[in-house]
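# just to be clear, the model below is a prediction. Sequence and coordinates:
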Amino acid sequence: MSFAAAAALTLLAGCSRDNEIVDAAGGIAVTRSACPALAIPDYTGDVTLFNPPASRDSRAIDVVATITNLRTTCNDNGSDLASAVTFDVLARREAGSEAREVTLPYFVTVVRGGNAVVAKRLGRVTLRFAEGQQRATAQAAASSVVSKAAATLPEDVRRQITRRRKPGDADAAVDPMANPQVRAAVSRASFEMLVGFQLDQDQLRYNVTR
C-alpha cells in the first residue's frame, strides 16, 4: 500500500545524502536526513483484546499484540522520497488451544512539522495461532511518498545553519535554531512516518491509564 504527501515521536532515518548539513572543517557536525523519520506514537504500539470485549478485568484479557522491529528504506532518486517500512507484530493469547486467526487494524500516517497530518492510510494484519500455540507472529508493510522539494531546506536557511563562526564573533555562541524563521523552516521541511495500531477510544484509554 502507498500514499502520496502532495504538500510536498525514538526515530529512525532512512537516508541522508540530499539534505546533509556537515562542517567538514571540524567543530559540530549536524546530519539531517530529508527522508521521513520513522516512529511509533505513544500508546499505539500495543493493543489488548478482552473477552468479553467490554470488560477491563485482567482475568478477561484475551490477546495482547505489540508492534516491534520497525525497518525502513528510503529511495531519494528523482523528485520524490519514497519510503518503505516493514514491521513485526508479536501476539500472545491467554487461553484456548484450537487454531485461531486474529486480525488487527493499523495506521500509517505522514506528519509534517510535528503536528500537520498530510496523509493517512489504514491496513490490517492477521495473526494465525497454530493449534496448541499461545504465541503468533506476523509481518506488515507500508510505504509513503513525500516531495523532495518540500523536505529540503531552503538554501538561505542552510547557509545560516552551516555558516562558520569564529571565536569573538557577536553571534559565535548563538544557536541558529534560536532564530524563529530558521526554526520554522526546519519544521516545515521535517516529515515523520508514524506507525501504530488503529485503536478505538476504549483501547486507547486503557493504554494510557493502565
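Sure thing, it's come through. Numbering: from 1, shown residues only.
# C-alpha only now, for contacts and for neighbours.
OK.
# just the CA atoms of stretch 72-92, as PDB, please.
Output of stretch 72-92 as PDB, limited to C-alpha atoms (Å, rounded to 0.1, in the frame of the first residue of the first chain):
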ATOM      1  CA  THR A  72      12.700   1.400   6.800                       C
ATOM      2  CA  THR A  73      14.400   2.100   3.500                       C
ATOM      3  CA  CYS A  74      14.300   5.400   1.600                       C
ATOM      4  CA  ASN A  75      14.800   5.900  -2.200                       C
ATOM      5  CA  ASP A  76      15.800   9.500  -2.800                       C
ATOM      6  CA  ASN A  77      16.400   9.200  -6.600                       C
ATOM      7  CA  GLY A  78      14.200  11.500  -8.500                       C
ATOM      8  CA  SER A  79      11.900  14.300  -7.300                       C
ATOM      9  CA  ASP A  80      10.200  12.300  -4.600                       C
ATOM     10  CA  LEU A  81      11.400  10.500  -1.400                       C
ATOM     11  CA  ALA A  82       9.800   7.000  -1.500                       C
ATOM     12  CA  SER A  83      10.000   5.300   1.900                       C
ATOM     13  CA  ALA A  84       9.100   1.700   2.700                       C
ATOM     14  CA  VAL A  85       8.600   0.300   6.100                       C
ATOM     15  CA  THR A  86       8.100  -3.300   7.400                       C
ATOM     16  CA  PHE A  87       7.400  -4.300  11.000                       C
ATOM     17  CA  ASP A  88       6.600  -7.300  13.000                       C
ATOM     18  CA  VAL A  89       3.500  -7.900  15.200                       C
ATOM     19  CA  LEU A  90       4.000 -10.200  18.100                       C
ATOM     20  CA  ALA A  91       0.900 -11.600  19.900                       C
ATOM     21  CA  ARG A  92       0.100 -13.800  22.900                       C
END
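# avg pLDDT for it?
In this model, stretch 72-92 carries a mean pLDDT of 93.
# show me what that stretch is in contact with.
By CA atoms under 8 Å, 6 or more residues apart in numbering, the list of residues contacting stretch 72-92 from outside reads 12-15, 18, 34-36, 38, 63-71, 127, 134-149.
# and if you look at stretch 114-128?
Contacts of stretch 114-128 (CA under 8 Å, 6+ apart): 2-7, 91, 99-112, 136-140, 187, 190-192, 198.
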